[in-house]
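**Student:** Pasting the sequence and the predicted coordinates here, then a few questions.
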Amino acid sequence: MARGNPGVWSALLGAVFGTAGWLVYHAARSDPNATLPAEVGYALVAFGVFVLLVGVYIQLVAPEPPHLRDDEEIVATAHPTQRVAIGKLLLSMPFFVLTAYLYYLTTVDYTFPTITLVFGTVFLLDGLTTYWRNTLTTYFVTNRRVITEYRFLSLQRREIPLDSIRSIEERKSLFEMLARVGNVRIVSGSGRHLTITVRNIRNSTAFADTVRDVS
């Protein structure tokens, strides 16, 4: 099972869009002069169902601990925090409220609410994909390797042996500093210079120190 409750939260968000779609569809069918066509209602309902189904799927899928070699043990485990994803989702809400206001309570040209709708949808989709991706991503540090694992439709795993690490970098954008999260970039000094970026984790400095201590 995935950590958190992506199925529950996705179901709630899907229900919001499904309800909005039903209201738009009902208004369009009952009022020939409705400002929004019934097709918009179909699209909102379809999007709500999509969010629900993806959330339920993610609820049932989760990264598994890596297969450990002889004398290997997990030293630290980290997950991306959802603060950045939640921030993006919250940022989309004012655009949807403004869209509804412009559509129903003003007589401005439809170009303006369409623009706010596009911006709101972009932030919403970005926040949703970030939330889902973070839910299915896990970082492991063992006494031999640093491993990142992501599982959605298939498993994606990348690892760097501790004895091949060339550099460990810590990075925080202004938004990440405000959210109290950070990133750790681990670069291999051999072969193709493989890189693992540990994104949006709490206590990123402590994670980086753990990698330094065991490498």
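**Tutor:** Structure received.

**Student:** Spatially nearest residue to the residue nearest the centre of the chain (excluding sequence neighbours)?
**Tutor:** Taking C-alpha atoms, centre = their mean, the centroid of the chain lies closest to Thr130, which sits 1.5 Å from it. Using C-beta to C-beta, 6 or more residues apart in numbering and skipping the chain neighbours, the partner closest in space to Thr130 is Ala85 (4.0 Å). Where C-beta positions appear, they are placed from N, C-alpha and C, glycine not excepted.

**Student:** what's the answer for Thr205, then?
**Tutor:** The spatial neighbour of Thr205 that comes closest, neighbours along the chain excluded (C-beta to C-beta, 6+ apart), is Glu170 at 6.3 Å.

**Student:** hang on, the one you found in a strand?
**Tutor:** Yes. With DSSP: H, G, I helix; E, B strand; the rest coil as the criterion, Glu170 is assigned to a strand.

**Student:** re earlier: which other helices and strands does the one helix or strand the residue nearest to the centre of the chain maps to contact?
**Tutor:** Assigned by DSSP states H and E, Thr130 falls within helix 111-135. Secondary-structure packing of helix 111-135 (3 or more C-beta pairs under 8 Å, 6 or more residues apart in numbering; DSSP states H and E): helix 6-30, helix 38-60, helix 83-105.

**Student:** And it, what's buried?
**Tutor:** 113, 116-117, 119-120, 123-124, 126-128, 130-135 (16 or more other C-beta atoms under 10 Å).

**Student:** contacts for the helix or strand following it?
**Tutor:** The helix or strand immediately downstream of helix 111-135 is strand 137-142, counting by DSSP H and E. Strand 137-142 has contacts (C-beta atoms under 8 Å, 6 or more residues apart in numbering) with 63, 65-66, 68, 72-80, 146-150, 196, 198-199, 201, 207, 210-211, 214.

**Student:** Quick one, which of these are buried?
**Tutor:** Taking 16+ other C-beta under 10 Å as the criterion, what is buried in these is 63, 66, 75-76, 78-80, 146-149, 196, 198-199, 201, 207, 210-211, 214.

**Student:** Among those residues, which are located in strands?
**Tutor:** Per DSSP state E, strands hold the following members of these: 75-76, 78, 146-149, 196, 198-199, 201.

**Student:** Residue ranges of each domain in this structure, please.
**Tutor:** Here the domain parsing of the chain from automatic domain parsing is 1-62, 63-214.

**Student:** For these, give me TSV that also has mean pLDDT.
**Tutor:** TSV is the format used below for these (pLDDT from 0 to 100):
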stretch	mean pLDDT
domain 1-62	80
domain 63-214	85
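
**Student:** Relative to Gly48, how far out is Ala20?
**Tutor:** Distance of Ala20 to Gly48, given as C-beta to C-beta, to the nearest Å: 8 Å.

**Student:** Looking at the buried residues of helix 111-135, which is nearest Pro6?
**Tutor:** Using C-beta to C-beta, Thr135 comes nearest to Pro6 of those, at 5.0 Å.
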